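Novice: can you look at this prediction? I've put the sequence above it.
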Amino acid sequence: MRHFLADFPDQTMKAVDAWSRDEGFRVRRLASEATRLPLPWPPLSWAPRIALPADAGLPVLKTLHDDPHRYVRTSVANYLGDVAATQPDFAPATLQRWRASGGVTGEQFAFLARDALGNRLKEGGPPPTLSSATPTTEGGLPRPRRPGQPAVGGLAARPRPPRLRPR
């Protein structure tokens, strides 16, 4: 994908936009992952950096931010988090637009905000102010889940079974 985005950005983005509306959730996740600009993190000779603006993937993200599959929404949050590392106002502004348009509400908004902005807070950055109907911390971010609290969607996380074979 990197080579196609680098060499044929317009045609590739048209294909990626079509993927974002595909029936298969793995194809929709590919649409989001393919446009994550900071990847690959280390410079690799076979994987070129993409010279597209950070908001080039926004049409795809706008389609996917309220996807029914958490697998896809996680990719959207990762994209926003990646861009927030270099452009701190990008993710909060995007989340605010989606929230104001009614495109994402409640648990989905809390999940996107927590995952997209979590690294920024861990690294000691200032907390962005986000208006939300969910319980928030002083900085406006949704409160993180407490141990034993149900995960997004109301389903409690299941513990992993123990490994039977040593690695």
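Specialist: Received it, and whenever you're ready, just let me know what you need.

Novice: if I pick Asp115, what's in contact with it?
Specialist: 74, 77-78, 81 (Cβ atoms under 8 Å, 6 or more residues apart in numbering). Using the backbone N, CA and C atoms, a C-beta is placed for each residue, glycine as well.

Novice: confidence score at it?
Specialist: According to the prediction, Asp115 has pLDDT 84.

Novice: what does Gly125 give?
Specialist: Confidence at Gly125, expressed as pLDDT, is 62.

Novice: cool, and the one 10 residues further on?
Specialist: At Pro135, the predicted lDDT confidence score is 44.

Novice: do the same with Phe4
Specialist: 82.

Novice: and it, how many residues sit next to it?
Specialist: Phe4 sits with 14 neighbouring residues when counted by other Cβ atoms under 10 Å.

Novice: how close does it get to Tyr79?
Specialist: 18 Å (Cβ to Cβ, to the nearest Å).

Novice: and if you look at Arg97?
Specialist: Where Tyr79 is concerned, Arg97 sits at a distance of 15 Å (Cβ to Cβ).

Novice: settle it for me: which of the two has more neighbours?
Specialist: Tyr79 (27 against 13).

Novice: any idea which element that one lies in?
Specialist: Secondary structure assignment for Tyr79, by DSSP states H and E: helix 70-86.
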